[in-house]
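# Could you work out the structure for the sequence below:
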Amino acid sequence: MEAPPDNDVLWARALHFQHHDGTPALSGVSLGVREGEILAVSGPRGSGKTTLLRCLSGMIRPQEGEVWFNSVPVHTMGPLSRERLRRDRFGWIDPAPVLVPELNAWENTALPLMLRGTGRRRAKTAALEWLERLDVGDRARRRPHELRQSERQRVCIARALAVGPSVLFADEPTAPLHRADRAQVLRTLTTAARSHGITVVLATHDARTAALADRAVALLDGRRVKTVHLPPVAETTTAAGTAGPSGTEGRAACSLSV
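This next block holds a predicted model:
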């Protein structure tokens, strides 16, 4: 078993993973992520981006291959050790907001801190600070059902950043947001990551989002490729505050090379 390079906080070699129906999700993917780097994992939907992030974060174990975090072999850890690693060192943002319905916005944001043993007052202060940065400070006492989807997603992003993770895994983190909101939230996320030394692994199928990263790797059908054509996402606004692709603009392709 070969140890990873010293300057890589995350390192993966020859990852293979199949879905339950036998469909390959990853086929021999290898990569390294440097400390403090913002890495975009790009590719169309179904290319294996989410599966790769789930393997790198220890959420699932690859069926073949190795994953290392700070020279520790994640792929040999048991379920409890991987769960502690995710709780103590990693942050995760889903493409759709998932919050505890009984808790208000600041309590949802502070929850991971309190689970780590941070006192309630200190956790609340950190939570409110991040909610303000993400322009939802005035919604801090609202419960999830009282928030728009875009506001709920901002709370999820604040929750992931508040714990000061070593690595933040962001799976299409701005998908529920309007175009203008998306740019502002991404700037907040990337600026916070750089100022706090947080390594970010960002999955996206949007070329504009990938362009904000320090470096990009492209996936297609579960394999790394040199070039992939990513459609810039064009949104149509709905009354609920969510965004979706619109016809002709969404098909305009641009090339991303790595």
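# Pull the contacting residues for the residue nearest in space to the middle of the chain.
Most central residue of the chain, judged by C-alpha distance to the mean C-alpha position with CA atoms, centre = their mean, is A170 at 0.7 Å. In this structure, A170 makes contact with W92, I93, A160, L189, V200, V201, L202, A203, judged by CB atoms under 8 Å, 6 or more residues apart in numbering. For the C-beta atoms, the positions are set from N, CA and C on the backbone; glycine is no exception.
# what are the phi and psi values for it?
Note on A170: backbone dihedrals following degrees, to the nearest 10 are phi -120, psi 110.
# In the sheet, which residues pair with it? Tell me.
Beta bridges link A170 to I93, L202, judged by DSSP bridges.
# List just the nearest of the contacts of A170 to R122.
The shortest gap between R122 and any of those belongs to A160, at 17.8 Å (CB to CB).
# can you tell me how far that closest one sits from S47?
23 Å (CB to CB, to the nearest Å).
# Give me the pLDDT value at the closest residue in space to A140 that isn't next to it in sequence.
Leaving aside its chain neighbours, A140 sits nearest to W106 (4.2 Å; criterion: CB to CB, 6 or more residues apart in numbering). Reading off the confidence values, W106 has pLDDT 98.
# so W106 makes contact with R141?
Yes - taking CB atoms under 8 Å as the definition, W106 is a contact partner of R141 at 7.0 Å.
# Give me the more crowded residue out of these two.
Here W106 and R141 are compared on neighbour count by other CB atoms under 10 Å; more neighbours surround W106, at 26 against 10.
# residues touching that one, list them.
Taking CB under 8 Å, 6+ apart as the test, what W106 contacts is K124, A127, L128, L131, A140, R141.
# Going by distance to W11, which of those residues wins?
Each of the contacts of W106 was scored against W11 by CB to CB, and A127 proved nearest at 32.4 Å.
# Okay, the closest one and P112: tell me how far apart.
Per CB to CB, A127 is found 10 Å from P112.
# Could you check which of these two is surrounded by more residues?
Neighbour totals were compared for A127 and P112, and A127 leads with 26 against 20 (other CB under 10 Å).
# what are the ranges of the strands in the stretch 101-250 of the chain?
Taking DSSP state E, counting those that start in this stretch, the strands of the stretch 101-250 of the chain run over residues 167-171, 199-204, 215-220, 223-225, 227-230, 235-237, 243-245.
# how far off strand 199-204 does the first one point, in degrees?
Going back to what we said before, that points to strand 167-171. For strand 167-171 against strand 199-204, the angle between stretch directions is 10 degrees (axes from the mean of the first three to the mean of the last three CA atoms, to 10 degrees).
# what's the distance between strand 167-171 and the middle of its chain?
The chain centre lies 3 Å from the centre of strand 167-171; the measure is CA atoms, centre = their mean, to the nearest Å.
# cool, and stretch 52-66?
15 Å.
# what mean pLDDT would you report for that stretch?
96.
# So which residues make contact with that stretch?
Applying CB under 8 Å, 6+ apart, the external contacts of stretch 52-66 come out as 1-2, 10-18, 26, 28-30, 33, 41, 51, 67, 69, 73-75, 77, 82-83, 85-86, 90, 92, 167, 169, 171, 201, 203, 219.
# Stretch 16-24 now?
Residues beyond stretch 16-24 that count as contacts (CB under 8 Å, 6+ apart) turn out to be 25-28, 48, 51, 55, 60, 62-65, 221-222.
# For PyMOL, what selects the buried ones among the residues you listed?
Selecting only the buried entries of the contacts of stretch 16-24 in PyMOL, with 16 or more other CB atoms under 10 Å as the criterion:
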select buried, resi 25+26+27+48+51+55+62+65+222
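# Now go through the contacts of stretch 16-24 and say which are in strands.
A25, L26, S27, G28, E64, G65 (DSSP state E).
# Check the secondary structure at the residue lying closest to the second one once chain neighbours are set aside for me.
This means L26. Counting by CB to CB, 6+ apart, the nearest residue to L26 once its immediate chain neighbours are dropped is F17, at 4.4 Å. Three-state secondary structure (criterion: DSSP: H, G, I helix; E, B strand; the rest coil) places F17 in strand.
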